[in-house]
Each structure stands twice: as C-alpha cells, then as structure tokens.
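**Student:** Sequence isn't available, so here's the structure alone:
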C-alpha cells in the first residue's frame, strides 16, 4: 500500500462519491468541469475533471485507476496521481468514501 493511502486513511477498495452539497458538471462557459456549491464554483483542470467524472459512488478507487489507465494508456502509470488527487479531494471534503 502506498504511503499516501496510509496517511489519508483511505484504501483502494473504498468507493468515492461527490459530496452531497456539491454538484459536479461540465460548464461550457468555463470550458471545464466544475464543482458548484451554494457559495460559488471550483474550476477543475482536465485531469481532476476526468477523475471526479468517474467518482460515481459505485466504482472503487482501484476501479477508477483501472478505468482511467485504460482511457489514457499513453499517460504512463496514473495510480499515484489519481491517489494524490483523491486524497486532496477527500481532505477538502469534495468527495466522501464508503
């Protein structure tokens, strides 16, 4: 298990989902994915948007890594980057994990 997962308290079998007080959507005016909440909006870069787009409350972290690795085969090993983003998203309370 990676050091990142040990410090975050998350493991790769957990299933992330967008927190209930956020709405995740593509925003054409911003040309990016965003997280909307009552006080504002968080613009996601391309990688963050791709990761959050598959945090549907059904896929485990391992499933998300496998899916994105298949979708972007030329990107190399994405596991550490995905884990790092999910850890930050969890700390910021953008996602919850089951």
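**Tutor:** Yep, it's here. Note that this is a predicted model, so its numbers are computed, not measured.
**Student:** alpha carbons only for contacts and neighbour counts from here, please
**Tutor:** OK.
**Student:** Pull up the distance across stretch 65-76, start to finish.
**Tutor:** Stretch 65-76 stretches 12 Å from its first residue to its last (CA to CA, to the nearest Å).
**Student:** how far is it from where the chain is centred?
**Tutor:** Centroid displacement of stretch 65-76 relative to its chain, using CA atoms, centre = their mean, to the nearest Å, is 14 Å.
**Student:** next one: stretch 53-65
**Tutor:** On CA atoms, centre = their mean, the centre of stretch 53-65 falls 8 Å from the chain's centre.
**Student:** pLDDT score assigned to the closest residue to residue 79 other than its chain neighbours?
**Tutor:** Leaving aside its sequence neighbours, residue 79 sits nearest to residue 65 (CA to CA, 6 or more residues apart in numbering; 5.8 Å). With respect to pLDDT, residue 65 scores 97.
**Student:** ok, now residue 75?
**Tutor:** Residue 75 is assigned a pLDDT of 94 by the prediction.
**Student:** same check, this time on residue 2
**Tutor:** Residue-level pLDDT assigned to residue 2 equals 44.
**Student:** Same check on residue 46?
**Tutor:** The model reports residue 46 with a pLDDT of 95.
**Student:** do the same with residue 7
**Tutor:** pLDDT, residue 7: 46.
**Student:** Same check on the one 4 residues further on?
**Tutor:** Confidence per residue is given as pLDDT, and for residue 11 that number is 90.
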